[in-house]
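# Make a model of this:
(one chain, ligands or ions: 1)
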Amino acid sequence: MKQVVISGTGLYTPTQSISNDELVAAFNTYVDTYNAQHADEIAAGTVTELAQSSSAFIEKASGIKSRFVINKEGIIDPQRMKPFIAERSNDEASLQCEMAIAAAKEALEQAGKTVDDVDAVIVACSNLQRAYPAVAVEVQTALGIQGFAYDMNVACSSATFGIQAAVNAIQTGSARCVLMVNPEICTAHLNFRDRDSHFIFGDACTAVILEDSELASSEHQYKVLGTKLQTVFSNNIRNNAGFLNRCDESGLNNPDKLFIQNGRKVFKEVCPMVAKQITAHIGELGIEAGDLTRMWLHQANLSMNQLISKRVLGREATEAEAPVILDTYANTSSAGSIIAYHLHKADMQTGQKGVICSFGAGYSIGSVVIEKL
Ligand code: CO8
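Below you'll find the model as predicted:
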């Protein structure tokens, strides 16, 4: 069986960012306006008064301090509360394609590869901006890559599932080298009027180059020791936007056509599953928890990551062992664990091992155990 390595990563970060205070100010203006407009119904008990949000709650409950976004103006406008993202003509590059290309170029450079070395492109993310043609085929063509490309979606676990798909393609010989990208425009499917979740997400795109180790020349090679995927159906994280929406007008624009979750249940149910999966996965590979130098975990909630890493290690992890990027990026869905890996791998020494692990809607969990070469 061919040995596969991750030989490069790239990151596209939007230029604009929103602090908790800015987000909360917009939300609270919306709440005050709503309550004033519905004062009579609220007094009569026919409408529920909306409660304000708070920066202190957000940071304490999630660890998030700010988030990068494609468009700030529209999100913090209390009259709008969604990004301005203009439609583009079919002759222009799509936004996801543009983000993917920026991240892909950095990953290719780090891997020391040209587009001629790449045989396949996988675009793996939570939401695709159109049904077809696949964004991956657009990215492939824009970069000038031969071979094949496809889109896939496993919500927050899209990147780790994409990595396994790339590993499989290389091992079975259908590609020598795969570009796997995660253009996440989470703010376009977040309900900024929902107090429970308005602070959770940000936008970013990550890219990973995987290739046959015999062809790799990068200084940044990480041998893939194993991948492990798990899915268990749950309604606790859901988005019902889809092509059937227009067939029942009564449901159009209801909150369930955007991200919706029962965060407390997700927290309780997913943490033990993730810790169990990482422990089982490294066990199958003959690796002790104490031999893990780093855990690049999905970035959804700081307490979640602290709990998971504690269960795996049997003690609290240091920040170096379980790096956090959530404070500045918030939850960027599938890009999160790859951002953590991209920004916190340079100091890894030959022979040191780590695990990239994602978890989210589905439920879906993916772990990728790697060793620095
Ligand atoms: N400001 C002030 N107070 C608030 C706010 C707010 N904004 N929101 C809630 N509160 C209050 C509540 O009313 C409640 O008050 P009380 O105790 O009086 O009832 C109190 O704070 C506690 O509320 P919660 O129990 O809801 O708060 P938690 O401590 O559970 O924290 C979190 C909420 C941060 C959401 C937490 O539960 C969490 O992070 N859970 C895990 C979530 C998670 O990991 N989800 C994965 C989603 S990602 C994914 O799979 C990708 C999907 C696709 C991407 C979608 C992109 C848009």
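# use CA for all of it now, contacts and neighbours both
OK.
# so who does residue 185 touch?
Neighbouring residues of residue 185 by C-alpha atoms under 8 Å, 6 or more residues apart in numbering: 70, 96, 127, 202, 203, 204.
# So which residues on the stretch 201-350 of the chain come close to the ligand?
Residues of the stretch 201-350 of the chain found near the ligand (C-alpha under 6 Å from any ligand atom) are 201, 259, 263, 264, 266, 267, 300, 301, 333.
# how about CSV for these, with neighbour count, secondary structure and pLDDT added?
Formatted as CSV, these follow (neighbours: other C-alpha atoms under 10 Å; DSSP: H, G, I helix; E, B strand; the rest coil; pLDDT from 0 to 100):
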residue, neighbour count, secondary structure, pLDDT
201, 26, strand, 98
259, 20, coil, 97
263, 13, helix, 92
264, 9, helix, 93
266, 18, helix, 95
267, 16, helix, 95
300, 26, coil, 95
301, 21, coil, 95
333, 33, coil, 98
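# Reformat those residues into TSV and put distance to residue 82 next to each item.
Listed next are these as TSV, based on distance: C-alpha to C-alpha, whole Å:
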residue	distance to residue 82
201	12
259	13
263	21
264	25
266	25
267	26
300	21
301	23
333	18
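# So which of these is the closest to residue 37?
For these, the residue nearest residue 37 by C-alpha to C-alpha is residue 259; the value is 26.2 Å.
# Distance check, the closest one against residue 241.
The gap separating residue 259 from residue 241 is 9 Å, by C-alpha to C-alpha, to the nearest Å.
# Using PDB, write out the CA atom coordinates for whatever helix or strand residue 367 lives in.
Residue 367 belongs to strand 364-372 when assigned by DSSP states H and E. C-alpha atoms of strand 364-372 as PDB (Å, rounded to 0.1, in the frame of the first residue of the first chain):
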ATOM      1  CA  SER A 364     -19.900  13.200  12.200                       C
ATOM      2  CA  ILE A 365     -16.500  12.700  13.700                       C
ATOM      3  CA  GLY A 366     -13.200  12.300  11.700                       C
ATOM      4  CA  SER A 367      -9.700  11.700  13.100                       C
ATOM      5  CA  VAL A 368      -6.400  11.700  11.100                       C
ATOM      6  CA  VAL A 369      -3.300  10.500  13.000                       C
ATOM      7  CA  ILE A 370      -0.100  11.900  11.500                       C
ATOM      8  CA  GLU A 371       3.700  11.800  12.200                       C
ATOM      9  CA  LYS A 372       6.200  14.500  11.300                       C
END
